[in-house]
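A.B. asks: Have a look; sequence and predicted model below, questions after that.
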Amino acid sequence: MVFKPDLIADLKLSLAGSHAGGAIQNRFWNLHWRYGVKRIEDKARDNVLSIANVTLDEKIRGRGKFTELVTHLVEHPDFAGRQIDWIYIEQCRFRLGEHLRRELDFTIQDGMVIDAWRRTTSQMELGL
């Protein structure tokens with residue numbers, strides 16, 4: 001039996017099973033997440049999904065799996081029974097930050113540590 005990485009299903013299961021935060025660790029990827037209030041653009045924002053310490057296995061790195069996950073979260077903000085208004089990627093690598101800015105319109109904070117964030121797209125903005 002061959003297991004394929006399904007990052008969306010892993011995160012959905014983790015979010016459904018915990019209230020404020022958790023970690024996903026398997027042979028494909030590791031990450032830590034928190035859900036709640038976070039300071040973004042000098043304001044306290046509600047319903048923020050913060051993702052930190054993302055590590056992808058070499059076999060799936062560079063294949064668009066993480067981008068697919070983030071795109072899904074942006075386009076479907078009602079995820080795992082929670083309303084996600086903001087996605088905040090903490091301490092990401094420069095290449096990932098630039099990729100998120102270029103491909104998904106994230107705002108990134110340059111410096112020693114790069115943080116990236118974006119407001120999710122509501123169904124009305126999508127025109128559905």
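C.D. replies: That came in fine, so what should we check first? Numbering: from 1, shown residues only.

A.B. asks: for whichever strand or helix holds Glu90, the distance to its chain's centre please.
C.D. replies: Using DSSP states H and E, Glu90 sits in strand 86-92. Distance, stretch centre to chain centre, for strand 86-92: 7 Å (Cα atoms, centre = their mean, to the nearest Å).

A.B. asks: so what does it touch, helix or strand wise?
C.D. replies: strand 29-40, strand 43-56, helix 65-75, helix 94-104, strand 114-119 (3 or more Cβ pairs under 8 Å, 6 or more residues apart in numbering; DSSP states H and E). C-beta coordinates here come from the backbone N, C-alpha and C atoms, glycine included.

A.B. asks: Give the buried residues for it.
C.D. replies: Trp86, Ile87, Tyr88, Ile89, Glu90, Cys92 (16 or more other Cβ atoms under 10 Å).

A.B. asks: Among these, pick out the one closest to Asn53, please.
C.D. replies: Compare each of the buried residues of strand 86-92 with Asn53 using Cβ to Cβ and the shortest gap goes to Glu90, at 7.9 Å.

A.B. asks: For that closest one, give me its contacts.
C.D. replies: Ser50, Ile51, Ala52, Asn53, Asp115 (Cβ atoms under 8 Å, 6 or more residues apart in numbering).

A.B. asks: shouldn't Arg119 be in contact with Trp86?
C.D. replies: Yes: if you go by Cβ atoms under 8 Å, Arg119 and Trp86 touch, sitting 5.6 Å apart.
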